[in-house]
Structures are given as structure tokens and as C-alpha cells.
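1. need a structure here:
(2 chains)
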Amino acid sequence: MNLQEKIRILAAAAKYDVSCSSSGSDRANQPGGIGSAAKAGICHSFADDGRCISLLKILYSNHCIYDCAYCVNRRSNDIQRTTFTVKELVDLTIGFYRRNYIEGLFLSSGVINNPDFTMERLVRVARELRQIHRFNGYIHLKTIPGASSRLVKEAALYADRLSVNIEIPSEGNLKMLAPEKDYPSVLSPMSLIKEGIVQYKEERRIYRHTPLFAPAGQSTQLIIGATPDSDRQILSLAGNLYATQNLKRVYYSGYNPTNLYDSRLPAITAPPLKRENRLYQSDWLMRFYHFSVDEIVNDAHPDLDLSVDPKLSYALRNPHIFPIDVNSADHHMLLRIPGVGPKSAKMILAARRFRKLNSHHLRKIGVVMKRAQYFITCHELPTATIQELQPERVRSMLTMDLRKQSLPNAHQLSLW
Amino acid sequence: MLEYLYDGTFAGLLTAIFHAFRRKEYPDVILRPQGQRLLFATTHTVETDDVMAQRVLNGIERYGGKTTCEQLLHAFLSQSDNVEILILQYARELFFQKRPIMADLGNSFVLQIHKLDRRVLREVQRVLMFIRFERSADGIYFAPFAPKYDVLPLAVGHFKHRFADQQWAIYDTLRDYGFHYHGKRVEQITINAPAFSRDSGKLSVEMEHENEDDYREMWREYFRSIAISERLNPTLQRNFMPKRFWKYLTEKRI
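-> Below you'll find the model as predicted:
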């Protein structure tokens, strides 16, 4: 099989892993070496599905000893299988990198023989890139669940980011869909790396030349819609991981119907894109807007509202904190206003030291006044806010607007 | 009406600002050579003077800091209409207040400068994203590009750092100049008889390295197979990667 065919098969096998970021590391170019990492990451292309291509995201092999129902590479699936050699992958990465196609390599793999055997191959690719080719670009390695701690630690020495996918948001459902897997095998490498990073940061404070240890941290992925888990379950798990494992990112992957004959999986024809989108929005609320999980989903509202975004939904459930005065509220409160994001909140804080802001200023700064108008007071005559209009009215006005946007698709019926 | 004519360079604009202060007058427009002249106007032509320009720049740096200087330069590079008057207004306000006014976003021209700065920086970012090198027969990695603004000088530092061990050249096909890195320094170049097509930016076949086509095909193969066919979203793709870049993109070029 030629190299191009291997790329076709092994890229297609890796595409359901949604992680793509190349951020969080600013590894510098070493004299005589190639490459560097950009702190904010750089996307180099955008695939036909609109997702960014930053790293060469590919599997080492799509042979797998496991039979996880949700996975396209499961043992029982009848697909073409192939494996790279270490040299092929290393040369391909360097070749692509030199042409500015990619920021680096994101290497994952199906499990061949046993976890250690597979992990050893992944580590070898990273080691050759770093030590023989003196490659300073971004490397993201997948930790294979069940791999020995020695290999996981070695991986962290070469990689910028490590990730291990939890995939199914509750252990019971994981057991049902992937009988050979369990939570401890996933979580123990995660804790191991977390401790390594904490230790690295301490040593780094004392000795500046401590070798890098996964400088861009860890991430994981949860599959959405393959199991009946509620949004509350998913977001609590994510919130927990951010708090206890210091994860940089949790990715949510709407389940693609990759397994059409298994009755343990829901019969769907398209991935749940809207729900995935709302989960990402909630994730952003947790990471950049100082929201806690309970404020987004709780006993009374275990699932996200698909018709409005989670921040607006929070605002409609909590009308008592509004209206917020943009000229005096603190950063934390500014971020609670629907239509104000981290950037505009920062700009408001800076700009209001020079003058009082009115709605014209806010609009110019980039606040989405269509939503914000019901939740703020600013330096002008008061308008009707959520207090006067009541949440139900505000909701219907805002969702009506959304419906208007999608109208062009509707066709006028012919008279005849 | 009063119009100033300057030579279209940043130093020229700074000189014009110096003139405005020295002559205690406030031009209605400051025109680059190609600019649309006013019908009834008194014209004052500004000879670029590096000493005057430097004095204005020093003043801006003194009150606004290095960041303000960079912001104004970026805004200038946007070449948007009337950006000269905006910069003059900004400088006047800065010299009046004698403190950084960058954060005064309730002020319309400060906000406009802020937005122009961001627009130009986004174009720089796109150079870093969408440059595609092709290896030529003599080992130089060559990339033609046509950014909307004249931002190549702001982007070469990144490539110099990243590709320190390979020879490369980046060429702006719109403005007809580029940069060549030969292992030590980056030098500005102009190519008289280009060995690449101006339309597609593609190197001519005999100039190409022998296995360049393999890499190109492998990258296209990768690009095709990484997309999830159930989630096709061409609008989103075009938002992130506007069509004007496609002719230089290995994966999108035909």
C-alpha cells in the first residue's frame, strides 16, 4: 500500500477526534532545529466541514483489539486496516511542516497487541521528531488507556499536549458500549500527568532549565448523544475535570452514526449539532465567564435549552440580578449580561474610565445590543428591561427574531 | 478647504502631522499621491523629512508608549479612506492629554484606530496561516501571496524564527516585492522575470523539486479525508478561509 493510501485511511479514521488546537505552548526554535510553537496556536486550513486543520491529525494504526460500539475502528467493523512505520510518519510530519501546511502532529492510534506496545510506538515517533530532527513544532499525543506510567511520563517529555479520551460521560454506559474499558484505566494516566505537571512547575521555579513536561497540558473528549446521559451529567463531569485534573479543554463530539446495526446505540441519521453547540457554549461559560455548573444546569433544568443559548437561559431564569449598570458593575457581573463577551467586558472596563458609556458606545464597542438591551442600564434614559417586560416576553421577543432570520429558506406558496 | 499632499509613506504622514502643528492649521484631508483631489482647495505639499517624522514619533512614544506607535502604524497600513486624518486627530488628542488614550474606546476616532489595528493584525495572522511553501529545484521554499494590506514585513519575523534552518522566500505578487531568507538574514527582493505564474502563484514545472508533487498530492489527500461528510459546512469554511486566498492554497487550488 502506498503512502497516499495510508494517509487516506488513517486520516479518515482519526477525523472523529475533534480536538485540533495547537495552543498553550511557546516552545522556541533551538539553533539548528526546525520549527517553533505559537502560544495562541495557528490554524492552517479549514476542511470542508468547516473545522480547522492545525495539526496533522492522524492515527498510527487503525488496527484495534477493542470492540467499542461507538468507535469506527472497532474490531468488529469491516474496514480497511493499515499501519504507518515510524519513519513514514516522521518524514511526513517534517515535510508538511516545512511547507507551512501544519503546526505539528496530533498522533493517536488504535490499540495494537496491547496498550504498552502501542504507546511505545507513539512515543518513538515523538522522540525521533524531537531528538533526531530537532523538531520544535507542536506535538499532541494520545495517551493509550492502560499504558504503563513510564511510557506516559516519557511521552510528556516530548509532547506539548497529551490527551486521553473519556468518550462516554458515565461509567455505567461506558461499560455497556465498551465492555473492555473502564474509568480507572482512563483516569489514572490523567492524574499521573497532572501530578507531573504540578511537579514540573515547582521545579521550574527553582531551576529554569527543567526539561519541559507537557507544557500545553491535557485535554479529553466526550461523545454526545450516543448514550442517554443528561447535559447535567456531562457538564458536571467536565466541571469536575477542570477543577480536579486541571484540564485545558474538554471537547464534545456529537455522535456520528458510525455503527448502524448495534441496538445499544440510538438510531439517528445526523449528529446532534445543536446540542453539541450548546454544550460548547456552556463550556465557555465555565472557563471564561466565571459560571459554575449549577448555574447552567441543575435539578430543575437538567438539560440545556436548545432554543436559546445557555447564558440567555440563565438570565431568563434569574431576572432578579438585572438590569446591570454597565458604568458601575464589576467584571464578574458584566460577564453575566447576555450580549457581552470577555472582549467587550474588558473594553467596557477600560473605556468607562474616560467617560460614561451610553448604548451608542456599547454598540460601537461590539456589545450585541439586540440581546443586551433588556438586561442593562447605561448613561441614558431608562428603557424597558426584563424587570418591566417579564422573562417570558423577553424570551419570545428574542426567539422571534431568530425565527425571522431563518425565514429566507421558506418559499412563498404559488397562487396557482 | 485645506489639503495636504504627502508621498504615501508613514514617515511622510508623520512629517505632515509635524507641518500641521508648526503651521498651526488643521487640514481637511491628507492625500496620498493617488488620492482624490478636492475641487476648490488650498494645497500644501509635504516633503518627507526624517528628522521631523522622528520627532513626531518620539512624541507619540513618549505619551502613548510603543504600543500606540505600533497601533498607529498598523492603522496606517490599512490604507483605509481618511486614515491620515484619523491619525492626525489621534496625535492631537494624545499631545493634548499627555497620557495614553488607547483605552478611551468611547471616543470615536480612538475606537476606529483600534478597529483598523485589529483588521491589519488579522491579515498578518492570515499570512502566518495561509502561506504555502513549494520546494524549488535549488532547494528554496517559495511562497507567493497577495495580502490585502502591505503586511509582509510584519510577518517575516515569525518565519525567520520558525524556519531558521531552511532557505525560503515569500513574495507579495500584488505589490511586487518579497523577502528571501538565506540561512542568516532576511533580505528584501524584487523578482524581474518570475518563474512562477502570477495568477496561480504556482512554480513552473521545471523549477519544481522532483518530489514536490508527491507532497502536494498527499496533503490534498489528507485534506479530503479529514472532513466529516455528515457535517459539510461550506459557508463556515469560507468564513474562516475567504476565497481570495484559495489560489495560493495547495489544498484548494485546482
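2. show me what the helix or strand where B:E3 lies pairs with in its sheet, parallel or antiparallel.
-> Element membership for B:E3, per DSSP states H and E: strand B:2-5. Using DSSP bridges, strand B:2-5 pairs in its sheet with strand B:29-31 (parallel), strand B:42-45 (parallel).
3. and the contacts of the longest one?
-> Going back to what we said before, that points to strand B:42-45. B:M1, B:L2, B:E3, B:Y4, B:L5, B:Y6, B:H19, B:R23, B:P27 (C-beta atoms under 8 Å, 6 or more residues apart in numbering or on different chains). C-beta here means a position set from N, CA and C on the backbone, and glycine is covered the same way.
4. surely A:L398 touches A:L312?
-> Yes: the pair A:L398 / A:L312 is scored as a contact, 6.9 Å apart, by C-beta atoms under 8 Å.
5. for chain A, what's the nearest residue on chain B?
-> For chain B, the residue closest to chain A is B:L236, as judged by C-beta to the nearest C-beta, at 3.0 Å.
6. skipping adjacent residues, who's closest to that residue in space?
-> Nearest non-adjacent residue to B:L236, counting by C-beta to C-beta, 6 or more residues apart in numbering or on different chains: A:G50, 3.0 Å away.
7. any chance you could map the strands in the stretch 101-250 of chain B?
-> In the stretch 101-250 of chain B, the segments counted as strands under DSSP state E, counting those that start in this stretch are B:134-135, B:141-145, B:168-172, B:177-181, B:186-189.
8. who's in contact with B:L128?
-> Neighbouring residues of B:L128 by C-beta under 8 Å, 6+ apart: A:A38, A:I42, B:A155, B:H158.
9. what pLDDT does it get?
-> Looking at B:L128, its pLDDT is 94.
10. can you give me the helices in the stretch 51-200 of chain B?
-> B:83-97, B:108-130, B:152-162 (DSSP state H, counting those that start in this stretch).
11. distance to A:T83 for these - can I get that in CSV?
-> Below are the helices of the stretch 51-200 of chain B laid out as CSV (distance: least, C-beta to C-beta, whole Å):
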stretch, distance to A:T83
helix B:83-97, 56
helix B:108-130, 32
helix B:152-162, 31
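12. out of these, which comes closest to B:H74?
-> Ranking the helices of the stretch 51-200 of chain B by proximity to B:H74 (C-beta to C-beta) places helix B:108-130 first, at 4.3 Å.
13. not counting sequence-adjacent ones, nearest residue to A:Q80?
-> Per C-beta to C-beta, 6+ apart, closest to A:Q80 is A:I9, 5.6 Å.
14. and that neighbour, that one's in a helix?
-> Yes: secondary structure of A:I9 (DSSP: H, G, I helix; E, B strand; the rest coil): part of a helix.
15. so it makes contact with A:T82?
-> Yes: using C-beta under 8 Å, A:I9 is in contact with A:T82, at 5.2 Å.
16. show me which of those two is the more surrounded one.
-> A:I9 (20 against 17; other C-beta atoms under 10 Å in any protein chain shown).
17. sorry, back to before: who are the contact partners of the residue nearest to B:L236?
-> Contacts of A:G50 (C-beta under 8 Å, 6+ apart): B:R231, B:N233, B:P234, B:T235, B:L236, B:Q237, B:N239, B:F240.
18. which of those has the most neighbours?
-> Per-residue neighbour counts (other C-beta under 10 Å) across the contacts of A:G50 peak at B:Q237, which has 21 neighbours.
19. for that one, give me the pLDDT.
-> 94.
20. quick check: it touching A:F46?
-> Yes: using C-beta under 8 Å, B:Q237 is in contact with A:F46, at 4.8 Å.
21. go through the contacts of A:G50 and flag which are in helices.
-> Those of the contacts of A:G50 mapping onto helices are B:P234, B:T235, B:L236, B:Q237, B:N239, B:F240, per DSSP state H.
22. gap between the fourth one and A:Y16?
-> Using C-beta to C-beta, to the nearest Å, B:Q237 is found at 19 Å from A:Y16.
23. if I look at the spatially closest residue to A:T399 that is not a sequence neighbour, how far off is B:N233?
-> What sits nearest to A:T399 in space, not counting adjacent residues and going by C-beta to C-beta, 6+ apart, is A:S307, at 5.7 Å. Separation of A:S307 from B:N233 (C-beta to C-beta) stands at 21 Å.
24. could you chop chain A up by domain?
-> According to automatic domain parsing, chain A comprises the domains A:3-220, A:310-409.
25. what's the burial count for the closest residue to B:N82 other than its chain neighbours?
-> Closest residue in space to B:N82, ignoring its immediate chain neighbours: B:V29 at 7.3 Å, by C-beta to C-beta, 6+ apart. By the other C-beta under 10 Å criterion, the neighbourhood of B:V29 contains 18 residues.
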